[in-house]
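**Q** need a 3D model of the following:
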Amino acid sequence: MILAILLLLVGLAFIVAEVFFPSMGLLGLAAGAAILFGLVVGFEEGGQVVGWILIAAVAVAVPFTLRTAFRVLPRLGFGRRMILAGPATEPGPGLPDHRPLVGAKGVAESDLRPSGMARFGETRISVVAASGYLPRSSELVVLAVDGPEIRVDLAPTASVPSTNDNPEPETRS
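**A** Below is the predicted model:
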């Protein structure tokens, strides 16, 4: 019985080691083998009741161990170096800061499907339409600047330009 519990604890330790030191699954396989062998020993030494109790304990201990290991990992020095930072919301060095453009009005220089080019004063910028498609020459307003992404939509007083290239009105016979 003690051997079964020791094997289960060794399996849990291998799970923690796999989280902290990625081994392309080798430590995970060792954890699975140790846990499985511990369950087999538990069934053989303790009988059905002890075996099923150990299975229930493993069903609770493995997710708890994984969750705890992943919560502790970012707090460790080497763990912080392993985890990538999220997307930048501030402009990086050498990149222009477009945050003052929020609320500015401009004109779409290309069709926005949903991204394209727009002109705000003398500045030509790549933008993303918040509402999907906007045709060329639409009057735009900047809704938000999120890192490198500038989200725009139709200006409140703007009308969508006609896509009809024929200036003559249609006549019905």
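**Q** how far does the longest helix anywhere in the chain sit from its chain's centre?
**A** Counting residues, the longest helix in the chain under DSSP state H turns out to be helix 26-72. Centroid displacement of helix 26-72 relative to its chain, using C-alpha atoms, centre = their mean, to the nearest Å, is 31 Å.
**Q** list the contacts of residue 27.
**A** By C-beta atoms under 8 Å, 6 or more residues apart in numbering, the contact list for residue 27 reads 14-15, 17-18, 21. All C-beta spots, glycine's among them, are computed from the backbone N, C-alpha and C.
**Q** what about those, which are in strands?
**A** Among the contacts of residue 27, no member falls in strands (DSSP state E).
**Q** farthest pair in these?
**A** Based on C-beta to C-beta, the longest span within the contacts of residue 27 runs between 15 and 21 and measures 11.5 Å.
**Q** and the closest residue to residue 57 other than its chain neighbours, what pLDDT?
**A** Excluding its sequence neighbours, the residue lying closest to residue 57 (C-beta to C-beta, 6 or more residues apart in numbering) is residue 8, at 7.3 Å. The score at residue 8 is 96. That number is its pLDDT.
**Q** please apply the same query to residue 97.
**A** You'll see residue 97 listed with a pLDDT of 78.
**Q** name the element residue 143 belongs to?
**A** Element membership for residue 143, per DSSP states H and E: strand 139-146.
**Q** tell me the buried residues in that strand?
**A** Buried residues in strand 139-146, counted by 16 or more other C-beta atoms under 10 Å: 139-143, 145.
**Q** go on, stretch 105-125?
**A** 105-106, 108, 111-112, 116, 118, 120, 125.
**Q** burial measure for residue 65, as a count.
**A** Here the count is done by other C-beta atoms under 10 Å, and residue 65 has 18 residues near it.
**Q** separation between it and residue 139?
**A** According to C-beta to C-beta, to the nearest Å, residue 65 and residue 139 sit 57 Å apart.
**Q** circling back: other SSEs contacting the one helix or strand the residue nearest to residue 57 maps to?
**A** In the assignment (DSSP H and E), residue 8 maps to helix 2-20. For helix 2-20, the packing partners by 3 or more C-beta pairs under 8 Å, 6 or more residues apart in numbering; DSSP states H and E come out as helix 26-72.
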